[in-house]
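Undergrad: Here is my input; please provide its structure:
(chains A and B)
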Number of protein chains: 2
Amino acid sequence: MAQQERGIRTRREVLEAAAEVFAERGYAAATISEILSRAGVTKGALYFHFASKEELLRGVLEEQFTEDDILPRSSKLQEWVDVGMALAHRLPREPLLRAGARLMTDPNLQEMFGKGPQVSWVELTHRLLVEAGERGELLPHVVPEETARFVVNAWNGVQLGSQIATRWKDLEQQVSVLFRHVLPAVAVPGMLPQIDTAPDRGERVVAEVRGLPVGV
Amino acid sequence: MAQQERGIRTRREVLEAAAEVFAERGYAAATISEILSRAGVTKGALYFHFASKEELLRGVLEEQFTEDDILPRSSKLQEWVDVGMALAHRLPREPLLRAGARLMTDPNLQEMFGKGPQVSWVELTHRLLVEAGERGELLPHVVPEETARFVVNAWNGVQLGSQIATRWKDLEQQVSVLFRHVLPAVAVPGMLPQIDTAPDRGERVVAEVRGLPVGV
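TA: Reported below is the predicted structural model:
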């Protein structure tokens, strides 16, 4: 068990080092040896987890978006908001997500990004919006796929703007502004007052997820 | 007069070449000599217009956003939408704007970008929203500065997403989706049916601007 935990920690350290080096140098110019020295692990340990630079990149991209932050709510629109707010809370605090956000703007990686984490995120939020529609939470003219794609793109733009203006200090505030601006076009009026879009929503969601027993 | 026109054309050709080279190589790696050969002008002609690589960059950034596409409308919210729709129409069609959109993601240039064209755009749209508020077009809780900043950031994210997914082919469609999602949170209900957010709005605005006598 201790050995398994150590393996998980090593894998994480390698990924964080790789993400930082990719973000600083660009993927093309990054070298395994710089990642090794940054991570402070042996060559054997790195190759045990990742066979190549490309596998490292894939590992970094996979970490950019997970479904772990979603807890079931009575409103599916609230779950949809929670995904965006939790990510806004985590990104400034987690080196792997911060590096990923910088990587997203590497022209050589945009295509991979566009097919990887962005697609997973659009698919998940699309699914939540379809469920919201089935429960009567959406206005009749809403097209879930269109709304899901727009909000993921807008979230990325808000992230980029917040990164440039405040090094992400106001990201949660700005993502809260995003949802306040979009919900009236999406939710039936009766839902609006029930949906929590406060800037600290993400912090509360993440705390709740992490307070749960492991595996729930 | 012919000479003056030639000067304007040369300046434009140099700027387009510079924008392309900056976008392909990154600003740091770009050289004046590559810009010269791409533009097909003499060294003297280039230096007549731009004294340094930095001046070239400033010239490219200044072209990214102009107020030329605004025609006075009875609704200030319509003018606000028109700015975003006209830019969505022009970007895929103008090499200088296309290159600028790629430049925006150069990590070394984001700060300059964030202080240059982005700021002008936020300021202009902020002003239009304040005027819309004075005319009673806005819902009472709208904060024009917050909405202006959010929509410029969201526009950038939509642009990036459209660039990755379709090489900007669906940019006008996606920017139309943006305004349809934001207007219900911003406009008094009576204004909504009057505001034209159709995907071809930008094309019509640009045609109208260009059809006017020069100087109007």
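Undergrad: Can you pull out the low-pLDDT segments for chain A?
TA: The model of chain A has pLDDT under 70 over residues A:1, A:107-108, A:110-116, A:212-216.
Undergrad: Excluding chain neighbours, give the residue nearest to A:P95 in space.
TA: Once flanking residues are discounted, A:P95 sits nearest to A:E16: 4.9 Å by C-beta to C-beta, 6 or more residues apart in numbering or on different chains. From N, CA and C alone the C-beta is placed, and that goes for glycine too.
Undergrad: Give me every residue in chain A lying close to chain B.
TA: Residues of chain A lying near chain B by C-beta under 8 Å from any C-beta of the partner chain: A:102, A:105-107, A:110-111, A:113-114, A:118, A:146-147, A:149-165, A:174, A:177-178, A:180-186.
Undergrad: Cross those residues against helices and list the overlap.
TA: Of the positions in the residues of chain A next to chain B, A:102, A:110-111, A:113-114, A:118, A:146-147, A:149-165, A:174, A:177-178, A:180-182 sit in helices, assigned by DSSP state H.
Undergrad: of those residues, buried ones?
TA: The neighbour count (16 or more other C-beta atoms under 10 Å in any protein chain shown) marks A:102, A:110, A:113-114, A:118, A:146-147, A:149-165, A:174, A:177-178, A:180-182 as buried among those.
Undergrad: list the contacts for the residue of chain A found nearest chain B?
TA: Closest approach between chain A and chain B, counting by C-beta to the nearest C-beta: A:G157, at 2.2 Å. Contact analysis of A:G157 by C-beta atoms under 8 Å, 6 or more residues apart in numbering or on different chains lists B:N153, B:A154, B:W155, B:N156, B:G157, B:V158, B:Q159, B:L160.
Undergrad: Look up the closest residue to the fifth one, ignoring the ones flanking it.
TA: Looking back up the chat, that one is B:G157. A:G157 (2.2 Å).
Undergrad: Name the nearest of the contacts of A:G157 relative to chain A.
TA: B:G157 (2.2 Å).
Undergrad: I'd like to know how far that closest one sits from B:S52.
TA: 32 Å (C-beta to C-beta, to the nearest Å).
Undergrad: Please give the element, helix or strand, for the closest residue to A:A39 other than its chain neighbours.
TA: Excluding the flanking residues, the one nearest A:A39 by C-beta to C-beta, 6+ apart is A:A17, at 3.6 Å. Secondary structure from DSSP states H and E places A:A17 in helix A:2-25.
Undergrad: chain center to the next helix or strand after that helix, what's the gap?
TA: Scanning forward in sequence from helix A:2-25 by DSSP H and E, the next helix or strand is helix A:32-39. Computed by C-alpha atoms, centre = their mean, to the nearest Å, the separation of helix A:32-39 from the middle of its chain amounts to 25 Å.
Undergrad: Compute the inter-axis angle for helix A:32-39 and helix A:2-25.
TA: If you take axes from the mean of the first three to the mean of the last three C-alpha atoms, to 10 degrees, helix A:32-39 sits at 120 degrees to helix A:2-25.
Undergrad: Just the buried positions in the helix or strand following helix A:32-39, please.
TA: Per DSSP H and E, helix A:32-39 leads on to helix A:43-49 as the next helix or strand towards the C-terminus. Under the neighbour-count criterion of 16+ other C-beta under 10 Å, helix A:43-49 has A:A45, A:L46, A:H49 buried.
Undergrad: so what secondary structure elements neighbour helix A:43-49?
TA: Secondary-structure packing of helix A:43-49 (3 or more C-beta pairs under 8 Å, 6 or more residues apart in numbering or on different chains; DSSP states H and E): helix A:2-25, helix A:32-39.
Undergrad: could you redo those helices as TSV and give each row mean neighbour count?
TA: Below are the helices and strands packed on helix A:43-49 laid out as TSV (neighbours: other C-beta atoms under 10 Å in any protein chain shown):
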stretch	mean neighbour count
helix A:2-25	17
helix A:32-39	16
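Undergrad: how about CSV for the ones you listed, with distance to A:M191 added?
TA: Listed next are the helices and strands packed on helix A:43-49 as CSV, based on distance: least, C-beta to C-beta, whole Å:
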stretch, distance to A:M191
helix A:2-25, 38
helix A:32-39, 46
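Undergrad: returning to that earlier point: how close does the residue nearest to B:G157 sit to A:Q174?
TA: 10 Å.
Undergrad: what do these two both touch?
TA: Common neighbours of A:G157 and A:Q174 (C-beta under 8 Å, 6+ apart) are B:N153.
Undergrad: which SS state does the residue sitting nearest the centre point of chain A fall under?
TA: Computing the C-alpha centroid of chain A and ranking residues by C-alpha atoms, centre = their mean puts A:F65 first, at 3.9 Å. Secondary structure, DSSP: H, G, I helix; E, B strand; the rest coil: A:F65 is coil.
Undergrad: what about the closest residue to A:R167 other than its chain neighbours, neighbour count?
TA: Distances taken as C-beta to C-beta, 6+ apart place A:P92 nearest to A:R167, at 7.8 Å, with adjacent residues excluded. Neighbours of A:P92 under the rule other C-beta atoms under 10 Å in any protein chain shown: 19.
Undergrad: wait, A:P92 sits on A:T166?
TA: No. With contact defined as C-beta atoms under 8 Å, A:P92 does not reach A:T166; the gap is 9.5 Å.
Undergrad: for the helix or strand encompassing A:E203, packing partners?
TA: Using DSSP H and E, A:E203 maps to helix A:201-211. Where contact means 3+ C-beta pairs under 8 Å, 6+ apart, helix A:201-211 is packed against helix A:76-90, helix A:171-182.
Undergrad: Of those helices, which stretch is the most buried?
TA: helix A:76-90 (a mean of 25; mean count of other C-beta atoms under 10 Å in any protein chain shown).
Undergrad: tell me which strands and helices the helix holding A:A17 is in contact with?
TA: For helix A:2-25, the packing partners by 3+ C-beta pairs under 8 Å, 6+ apart are helix A:32-39, helix A:43-49, helix A:53-63, helix A:95-103.
Undergrad: Can you add distance to B:A86 and give those helices back as CSV?
TA: Formatted as CSV, the helices and strands packed on helix A:2-25 follow (distance: least, C-beta to C-beta, whole Å):
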stretch, distance to B:A86
helix A:32-39, 45
helix A:43-49, 50
helix A:53-63, 35
helix A:95-103, 30
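Undergrad: Cool, thanks, signing off.
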